[in-house]
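K.L.:
structure of the sequence below:
(one chain, ligands or ions: 2)
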Amino acid sequence: MTKPVRVSNDCLKVVESQLEKKTTMWSETFSHPRHPVDDFTHLLPRNPLPNIAEYAKEIGVLMKRLLSLISQGLGLEKYCIQKRLGESPRLVSQANYYTPCPDPELTLGFAVHTDLNALTILRQSQRVTGLQVIKDGRWVSVDPIPNSFVVNLGYQIQVPSNGRYKSVHHRAVTNKDLHRVSLAIFYGPNKDSIIGPIEDLIDEEHPPAYRKYRFAEFLENIRQTRRKEADGEGGFRVTPLRLCLALMFSLKKEEQKPMWCAKNIEPLPKADAHA
Ligand SMILES: O=C(O)CCC(=O)C(=O)O
Ligand SMILES: [Fe+2]
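P.N.:
Ligands and ions are numbered 1, 2, ... in the order given. Got it, this is the predicted structure:
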């Protein structure tokens, strides 16, 4: 059974390509469902408890407002996207902790990816930069602005919008001196939601760019892609010795191959299996 509260440390995840070996997850994460709060608060450490429920509630309000603005921005009815994502959305909160790295050239804090869900609201440490997005083919830093959130559109907005909104590739880089924390809250479809381009956004000029799928199928596809990578098609299982070798022999720093992203999903056969 999947545990609702999870702590993971991917510091030893090394991706090997013909050109380089690179540690892509120099970070630790702590994740738990965001709602309903009563289902998981007993599993959390005591300290953050007083604020969690209130924070979760406020972020929920903000998320619904953003979803309605996104719907209206597409010329759709206010609740259209929220309804498409399903009655019981998958709400997850994830804290990412990036420890300083002796040689940031050899690592990424968080590998290149697009978010799998629909919407991410991210709060980042105020004085430490780390998040980067691809803009016009270049990595651009998203520096923290006091009292602000970063809003990321995930793949489950890209698909319903029939590609009008793009889920941006992003990553987090490390630095030598400062710890960094980011707190991401995700809003995603539930496993049974059928996701596909919204009919009102399809016409002769805009044929469906994606087929429909059940969100559980999407997640399974991602899981299989990752498993293949772990079995040696894109990476390899890591031991501390390998990590040292990777750090010693890492070659030139260049744009990373996305670890999980839209590209990994598009090979799904185009069919109306779920119409
Ligand atoms: O730490 C960051 O700024 C990025 C985190 C992130 O992309 C994620 O949790 O999906
Ligand atoms: Fe992300």
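K.L.:
look up the closest residue to residue 118, ignoring the ones flanking it.
P.N.:
When the adjacent residues along the chain are set aside, residue 118 lies closest to residue 156, with 4.0 Å between them (Cβ to Cβ, 6 or more residues apart in numbering). C-beta here means a position set from N, CA and C on the backbone, and glycine is covered the same way.
K.L.:
what is the rounded mean pLDDT of stretch 226-246?
P.N.:
Mean per-residue pLDDT for stretch 226-246: 45.
K.L.:
now do the buried residues in stretch 116-125.
P.N.:
116, 117, 118, 119, 120, 121, 122, 123, 124, 125 (16 or more other Cβ atoms under 10 Å).
K.L.:
what about it, start to end distance?
P.N.:
This stretch, stretch 116-125, spans 23 Å end to end (Cα to Cα, to the nearest Å).
K.L.:
wait, does that stretch contact ligand 1?
P.N.:
Yes - using Cβ under 6 Å from any ligand atom, stretch 116-125 reaches ligand 1 at 122, 124.
K.L.:
count of neighbours near residue 137?
P.N.:
6 (other Cβ atoms under 10 Å).
K.L.:
re earlier: which ones are touching the residue nearest to residue 118?
P.N.:
85, 116, 117, 118, 188, 189, 195, 215 (Cβ atoms under 8 Å, 6 or more residues apart in numbering).
K.L.:
next, the fourth one: phi, psi?
P.N.:
In this entry, residue 118 is assigned phi and psi values of phi -100, psi -50 (degrees, to the nearest 10).
K.L.:
before we move on, what about the fifth one?
P.N.:
When read as degrees, to the nearest 10, the backbone of residue 188 gives phi -130, psi 170.
K.L.:
mind checking which helix or strand the residue lying closest to it once chain neighbours are set aside is in?
P.N.:
Take residue 188 and drop its neighbours on the chain: the residue closest to it by Cβ to Cβ, 6+ apart is residue 117, 3.2 Å away. Using DSSP states H and E, residue 117 sits in no helix or strand.
K.L.:
what's the helix or strand for residue 94?
P.N.:
Element membership for residue 94 (DSSP H and E) is strand 90-98.
K.L.:
so does the next helix or strand after that strand get close to ligand 1?
P.N.:
Going down the chain from strand 90-98, the next helix or strand is strand 110-113, by DSSP H and E. Yes - interface with ligand 1: strand 110-113 contributes residue 110 (Cβ under 6 Å from any ligand atom).
K.L.:
and strand 110-113, what does it pack onto?
P.N.:
In terms of contacts (3 or more Cβ pairs under 8 Å, 6 or more residues apart in numbering; DSSP states H and E), strand 110-113 is packed against strand 170-172.
K.L.:
so which pair among the contacts of residue 156 is furthest apart in space?
P.N.:
85 and 116 (12.8 Å; Cβ to Cβ).
K.L.:
any common contacting residues for those two?
P.N.:
Joint contacts of residue 85 and residue 116 (Cβ under 8 Å, 6+ apart) are 156, 188.
K.L.:
mind listing what's buried in stretch 70-87?
P.N.:
70, 71, 74, 76, 80, 81, 82, 84, 85, 86.
K.L.:
the longest helix belonging to the chain to strand 90-98, inter-axis angle?
P.N.:
As assigned by DSSP state H, the longest helix anywhere in the chain is helix 49-73. Counting by axes from the mean of the first three to the mean of the last three Cα atoms, to 10 degrees, helix 49-73 lies at 120 degrees to strand 90-98.
K.L.:
looking at helix 49-73 now, give me its mean pLDDT.
P.N.:
87.
K.L.:
same thing with stretch 130-140?
P.N.:
93.
K.L.:
hmm, back to that, kindly indicate which of the buried residues of stretch 116-125 lies nearest residue 151.
P.N.:
Distances from residue 151 to the buried residues of stretch 116-125, taken by Cβ to Cβ, are shortest for residue 121, at 5.8 Å.
K.L.:
returning to what we had before: surely the residue nearest to residue 188 touches residue 186?
P.N.:
Yes - contact criterion Cβ atoms under 8 Å: residue 117 and residue 186 qualify, at 4.2 Å.
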